[in-house]
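1. the sequence and its predicted three-dimensional model are supplied below.
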Amino acid sequence: MNRFKSSLTSLLILALAAFAANAVSAADAKWDVQPSVKKSVAPANPNGIEGMAMALVTISADGTVASVTIDKSTDASLEQPVLDAIKQWRFNPAQLNGSPIECSIKVPFKFKS
């Protein structure tokens, strides 16, 4: 059980680090303040598959996930766990001129066996 928790923690750390690095560069941003993760849930990997999935997430102005799709993945069996997890995430929304706005970001997930 501890190994499983350790794997989930590692996965979550990788995802959050990748999120911070890949949200959108400042030059391309359509906001003054980029969105940030307030609450995250790690996706399950019950089969211990190694791979990646890239989620395209639309964050509403209230910080909830308005929609999420898979942009690409190395294994289709990783996609539903990512979708299920991201739907539970909450964000501090992006802001433009001091007001929260809806935005879209890509969030990569790396799965390790």
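-> Noted; the coordinates are in hand.
2. which parts of whichever strand or helix holds L56 are buried?
-> Following DSSP states H and E, one finds L56 within strand 51-59. Buried residues in strand 51-59, counted by 16 or more other Cβ atoms under 10 Å: 51-55, 57, 59. Heads up, the C-betas are built off the backbone N, CA and C, glycines and all.
3. burial count for R90?
-> 15 (other Cβ atoms under 10 Å).
4. for T74, give me its contacts.
-> 51-53 (Cβ atoms under 8 Å, 6 or more residues apart in numbering).
5. okay, it and P43: tell me how far apart.
-> 14 Å (Cβ to Cβ, to the nearest Å).
6. ok, S104 next?
-> Relative to P43, and taking Cβ to Cβ, S104 is found at 19 Å.
7. between these two, who's got more neighbours?
-> P43 (23 against 17).
8. per-residue confidence at that one?
-> Looking at P43, its pLDDT reads 96.
9. element containing K110, please.
-> Using DSSP H and E, the element containing K110 is strand 103-111.
10. what comes up buried for that strand?
-> Buried, per 16+ other Cβ under 10 Å, within strand 103-111: 103-105, 107-109, 111.
11. looking at these, spot the one nearest V68.
-> Each of the buried residues of strand 103-111 was checked against V68 using Cβ to Cβ; the closest is V107, at 8.6 Å.
12. okay, and the beta partners of the closest one?
-> A55 (DSSP bridges).
13. next: K72.
-> Applying DSSP bridges, one finds that K72 bridges with M54.
14. I'd say it and G51 touch.
-> No: applying Cβ atoms under 8 Å as the test, K72 and G51 come out as separate, 10.7 Å apart.
15. what distance do you get for the nearest residue to W31 once chain neighbours are set aside to K39?
-> Spatial nearest neighbour of W31, chain neighbours left out: A94 (3.9 Å); criterion: Cβ to Cβ, 6 or more residues apart in numbering. From A94 over to K39 the distance is 16 Å, taken as Cβ to Cβ.
16. fine by me, we can end here.
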